[in-house]
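After the sequence you'll find the predicted model.
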Amino acid sequence: MTSRPAAPGDRAENAVRVLDLATTDEGHRGGYLAFISRLYSVQVVPFSWVAALTRRPVLIPMIEESFVRYVATALLRSMFGQRTVGLLFRPKPALEGKTLRLRGKRWALRLLRQLGPVRTLTILPFTVEPRFATIADDWIYDFEVWDLVGEGALGDRADGPLADKIRAAAAGRKVCCAIGRQDVDKGFDQFAAVYGASPALQAGMLFAFGGKVIPDLLGTSAEFAANGGFALPEYITNEQLLDLYASADLIWCVYAAGYDQASGVLGRAMQLGIPVVVRQGSLIHRLCELEGVGHLAFDQTTSPADFLRVAGHKDSMRAGKRAALHRSESLRRLSDALGVQPRQAS
């Protein structure tokens, strides 16, 4: 979904104005905006000061896309007692950062907490990191932890050709999938290295990935394929994404230490009941432990037997119940912050 002004006839019906701070369609932004539009009656508009001064509640997803604009908008609107809600995707750098920029961000977030009409929400619960409560007002679960509730997900869908192709390549072995853009932050270098270095792992499991590979790692991708891994180094469609999940016994979420935040890839795996492999001690490792998500905590001592032990233990029934609870809790908190009730269908 792209940013658009509402049609003139829609203006009176829009309960929430969503300010889109981004200038590109990269990442999860389009999906987030589309999902918000299913939850609430909204008007999605590009950022402008005129749009920001609406009397309706304003929601700013992904405030990191332009943090300065978020702070300025929130401060200005607070002078008129108008609600402003922002979603904070990467709270840890703001919480712990030592640079002048990150210290300034931490100071600004703490200032906004003193303003009643402004609500900054993290997309990880405070139970994962209680210190988030010092820079944010409240939290919700990442949308991709609960956005498939009521959507049918994979249950009513026939597998597509990519799932068949991966299963054929696996030839009876378990499958570990890395999904989406492949770069160092997402741990693709380690994904390829772990597989290439272990004939025992290759004998019992197929590593597969789908998603664009950054130019610096194209050589790594080619070497990975030469070692027997399944490589689809291109932009993946939504159907291909669903095929990757459908074929997976384990989902790779071992992200770099500097990319320690919520993960939509993990969120979808949680909803579908697919076990995940995460970096030992990461925020999403803590989330898995707190939520009872099947997982392997990866470190330098992890063995091929550990991968095989965890892979394949899917629990879609329990996962569906958990996702429904996450949806209910998140909608309650988000609606309270906005002062607006969700659509009846939600």
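The structure has been received and is ready for your questions.

Contacts only, for Val194.
By Cβ atoms under 8 Å, 6 or more residues apart in numbering, Val194 lies in contact with 201, 207. C-beta here means a position set from N, CA and C on the backbone, and glycine is covered the same way.

Assumed it was part of a helix.
Yes. Judged by DSSP: H, G, I helix; E, B strand; the rest coil, Val194 forms part of a helix.

Ala323 versus that one, what's the distance?
29 Å (Cβ to Cβ, to the nearest Å).

same deal with Met270?
Distance from Met270 to Ala323, by Cβ to Cβ: 7 Å.

Touching both of those two, which residues are there?
Joint contacts of Met270 and Ala323 (Cβ under 8 Å, 6+ apart) are Val145.

So the two - more neighbours on which side?
Each of Met270 and Ala323 has its neighbours counted (other Cβ atoms under 10 Å); Met270 has more, 30 against 24.

Was I right to think the more buried one contacts Asp147?
No. Contact criterion Cβ atoms under 8 Å: Met270 and Asp147 do not qualify, at 11.2 Å.

what about the residue nearest to Ile60 when sequence neighbours are not counted, which SS state?
Leaving aside its sequence neighbours, Ile60 sits nearest to Gly86 (Cβ to Cβ, 6 or more residues apart in numbering; 4.5 Å). Of the three states, Gly86 takes strand under three-state DSSP.

I'd assumed Ala72 was in contact with Gly86.
No. Between Gly86 and Ala72 no contact is recorded; they are 11.8 Å apart, counting by Cβ under 8 Å.

The two: which is more packed in?
Counted by other Cβ under 10 Å, Gly86 and Ala72 do not tie: Gly86 has more neighbours, with 27 against 14.

quick one, what contacts that one?
59-61, 63, 70, 74, 118-121.

okay, now the domains of this protein?
The chain resolves into domains spanning 8-139, 161-319 when parsed by automatic domain parsing.

isn't there a helix covering Ala136?
No. Assigned with three-state DSSP, Ala136 falls outside any helix and is coil.

so it makes contact with Val118?
No. Between Ala136 and Val118 there is no contact under Cβ under 8 Å: 10.8 Å.

Please report how far the residue nearest to Ile60 lies from Pro57.
12 Å.

got it, and Gly312?
45 Å.

Can you check the pLDDT for the residue nearest to Ile60?
We have a pLDDT of 97 for Gly86.

repeat for Glu151
Glu151 is given a pLDDT of 67.

same deal with the one 3 residues further on?
Per-residue confidence (pLDDT) for Leu154: 54.

For this protein, which segments are assigned as strands?
16-20, 42-46, 58-60, 84-88, 118-122, 138-139, 174-179, 205-210, 230-232, 250-253, 276-279, 295-298 (DSSP state E).

can you redo the ones you listed as JSON lines with distance to Arg286?
Below are these laid out as JSON lines (distance: least, Cβ to Cβ, whole Å):
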{"stretch": "strand 16-20", "distance to Arg286": "30"}
{"stretch": "strand 42-46", "distance to Arg286": "32"}
{"stretch": "strand 58-60", "distance to Arg286": "27"}
{"stretch": "strand 84-88", "distance to Arg286": "17"}
{"stretch": "strand 118-122", "distance to Arg286": "13"}
{"stretch": "strand 138-139", "distance to Arg286": "14"}
{"stretch": "strand 174-179", "distance to Arg286": "21"}
{"stretch": "strand 205-210", "distance to Arg286": "25"}
{"stretch": "strand 230-232", "distance to Arg286": "30"}
{"stretch": "strand 250-253", "distance to Arg286": "13"}
{"stretch": "strand 276-279", "distance to Arg286": "9"}
{"stretch": "strand 295-298", "distance to Arg286": "10"}
